[in-house]
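Undergrad: using only what follows, build the 3D model:
(one chain, ligands or ions: 2)
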Amino acid sequence: MIITVASGKGGTGKTTVATNLAVALHAEGKDVQYVDCDVEAPNGHIFMKPEITERVAVKLESPRVDAEKCTGCGQCGEVCQFSAIVCINKKVLTFLELCHACGACGLICPEKAITEALRDIGVVEIGDSNGVDFIHGKLNIGEPIAPKIISEIKKRIDPRKIVVMDSPPGSSCPAIEAMKDSDSVLLVAEPTPFGLNDLEITYEVVKELDTPCFLAINKADIGDDRVRKFAESKELPIVLEVPHDRRIAECYSGGGLIVDALPDYRERFLEAFEKIGLTGKGQEGVESCQKKSS
Ligand code: SF4
Ligand code: SF4
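TA: Numbers count the residues shown, from 1 in each chain. Ligands and ions are numbered 1, 2, ... in the order given. Below is the predicted model:
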């Protein structure tokens with residue numbers, strides 16, 4: 001069962017929800033994998049404090065131009081949608097940090113002057129956090145292809161476990177790459193006008209993916225009721241509310257987990273999981289998890 005925790009923007013409490021959900025489930029005896037796909041700014045490790053046991057470099061194919069063969073025709077620059085290869089005064093320049101590895105330049109080159117070479121764009125790290133399987137990825141600074149790292153992370157998902165996936169924020173390609181194939185998406189939003197705006201956008205994306213969708217409201221006692229009204233209008237179940245509690249802020253700023261520092265919150269995360277599991281595709285997953293842990 002894969003639950004992806006997502007949000008319309010960073011800083012809404014997505015990682016707080018994902019890490020605490022994973023640890024609360026593990027404390028209940030479930031077999032859990034925490035997977036951080038927020039590869040441009042992974043921070044789940046700050047709270048999970050894993051012991052990393054394996055590192056895998058992620059590589060991407062990038063064009064390499066043979067100057068001996070190149071005639072300076074310029075077709076490679078014309079076909080590239082990302083200005084990652086340009087031809088100026090019959091000289092070809094590449095800007096690999098802009099390259100999306102589509103391979104079009106190599107295909108169009110009439111002289112077969114472009115070949116592909118692998119280069120590192122990031123790393124996937126695998127480890128253990130007190131019994132919770134831990135996986136995260138890190139995209140090298142300046143690299144644009146987050147989905148490649150995310151797909152490498154997802155290859156290591158164990159479908160027999162409860163997988164809590166921390167998605168990149170937003171609704172662009174990296175977030176979609178993380179959310180697709182999930183059994184459920186748990187959106188996290190704050191009850192503010194900005195929170196509502198981001199929630200509306202991300203909710204529409206999840207609907208396009210045809211994945212059961214749930215809502216967690218962080219700092220639930222601030223702002224107004226427009227996020228709740230939106231949820232009601234879309235029949236989007238609110239499965240978790242985390243209050244704007246000073247003790248939570250202190251715990252978070254110290255790199256701690258709420259469910260460890262404030263065990264009375266553990267039940268809220270477990271209830272959220274049960275509510276997610278009892279609706280839509282998650283039912284099967286919960287039943288298999290329950291059978292497994294009994
Ligand atoms: S398409 Fe090939 S031959 Fe033409 S400029 Fe590019 S590398 Fe050179
Ligand atoms: S592989 Fe695609 S994105 Fe990269 S330089 Fe060639 S055409 Fe541009």
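Undergrad: just the C-alpha atoms of the helix or strand containing residue 207, please, in PDB.
TA: Per DSSP states H and E, residue 207 falls inside helix 193-208. Extracted in PDB, the C-alpha atoms of helix 193-208 (Å, rounded to 0.1, in the frame of the first residue of the first chain):
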ATOM      1  CA  PRO A 193      -5.900  31.800   1.600                       C
ATOM      2  CA  PHE A 194      -2.500  30.700   0.200                       C
ATOM      3  CA  GLY A 195      -3.000  27.200   1.600                       C
ATOM      4  CA  LEU A 196      -6.400  27.000  -0.100                       C
ATOM      5  CA  ASN A 197      -5.000  28.200  -3.500                       C
ATOM      6  CA  ASP A 198      -2.300  25.600  -3.500                       C
ATOM      7  CA  LEU A 199      -4.700  22.900  -2.300                       C
ATOM      8  CA  GLU A 200      -7.100  23.600  -5.100                       C
ATOM      9  CA  ILE A 201      -4.400  23.200  -7.700                       C
ATOM     10  CA  THR A 202      -2.900  20.100  -6.300                       C
ATOM     11  CA  TYR A 203      -6.300  18.500  -5.700                       C
ATOM     12  CA  GLU A 204      -7.100  18.900  -9.500                       C
ATOM     13  CA  VAL A 205      -3.900  17.100 -10.400                       C
ATOM     14  CA  VAL A 206      -4.700  14.200  -8.000                       C
ATOM     15  CA  LYS A 207      -8.100  13.900  -9.500                       C
ATOM     16  CA  GLU A 208      -6.600  13.700 -13.000                       C
END
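Undergrad: so what's the spatially closest residue to residue 205 that is not a sequence neighbour up against?
TA: Nearest residue to residue 205 in three dimensions, chain neighbours excluded: residue 171, at 4.4 Å (CB to CB, 6 or more residues apart in numbering). No exception for glycine: its C-beta is placed from N, CA and C like everyone else's. Residue 171 makes contact with 8, 201, 202, 204, 205, according to CB atoms under 8 Å, 6 or more residues apart in numbering.
Undergrad: what's the closest of those residues to ligand 1?
TA: residue 205 (36.7 Å; CB to the nearest ligand atom).
Undergrad: so that closest one versus residue 33, what's the distance?
TA: 24 Å (CB to CB, to the nearest Å).
Undergrad: about what we covered before: show me which of the contacts of residue 171 are buried.
TA: 8, 202, 205 (16 or more other CB atoms under 10 Å).
Undergrad: now these in JSON lines, with pLDDT and distance to residue 110?
TA: Converted to JSON lines, the buried ones among the contacts of residue 171 look like this (pLDDT from 0 to 100; distance: CB to CB, whole Å):
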{"residue": "8", "pLDDT": "87", "distance to residue 110": "46"}
{"residue": "202", "pLDDT": "94", "distance to residue 110": "44"}
{"residue": "205", "pLDDT": "92", "distance to residue 110": "40"}
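Undergrad: mind checking how far the helix holding residue 207 is from the chain centre?
TA: Distance of helix 193-208 from the chain centroid (CA atoms, centre = their mean, to the nearest Å) equals 16 Å.
Undergrad: just the residues contacting that helix, thanks.
TA: With CB under 8 Å, 6+ apart as the contact definition, helix 193-208 has outside contacts at 6-9, 12, 170-171, 175-176, 179, 185, 187, 189, 213, 215, 223-224, 226-227, 230, 234, 236.
Undergrad: next SSE after that helix?
TA: Assigned by DSSP H and E, the successor of helix 193-208 is strand 213-218.
Undergrad: mean confidence for that next one?
TA: Model confidence over strand 213-218 averages 95 on the pLDDT scale.
Undergrad: tilt between that strand and helix 193-208?
TA: 160 degrees (axes from the mean of the first three to the mean of the last three CA atoms, to 10 degrees).
Undergrad: and strand 213-218, what does it pack onto?
TA: helix 14-27, strand 184-189, helix 193-208, helix 226-233, strand 238-242, helix 266-277 (3 or more CB pairs under 8 Å, 6 or more residues apart in numbering; DSSP states H and E).
Undergrad: just the strands in the stretch 1-150 of the chain please.
TA: 2-6, 32-36, 51-65, 85-88, 91-94, 114-129, 132-139 (DSSP state E, counting those that start in this stretch).
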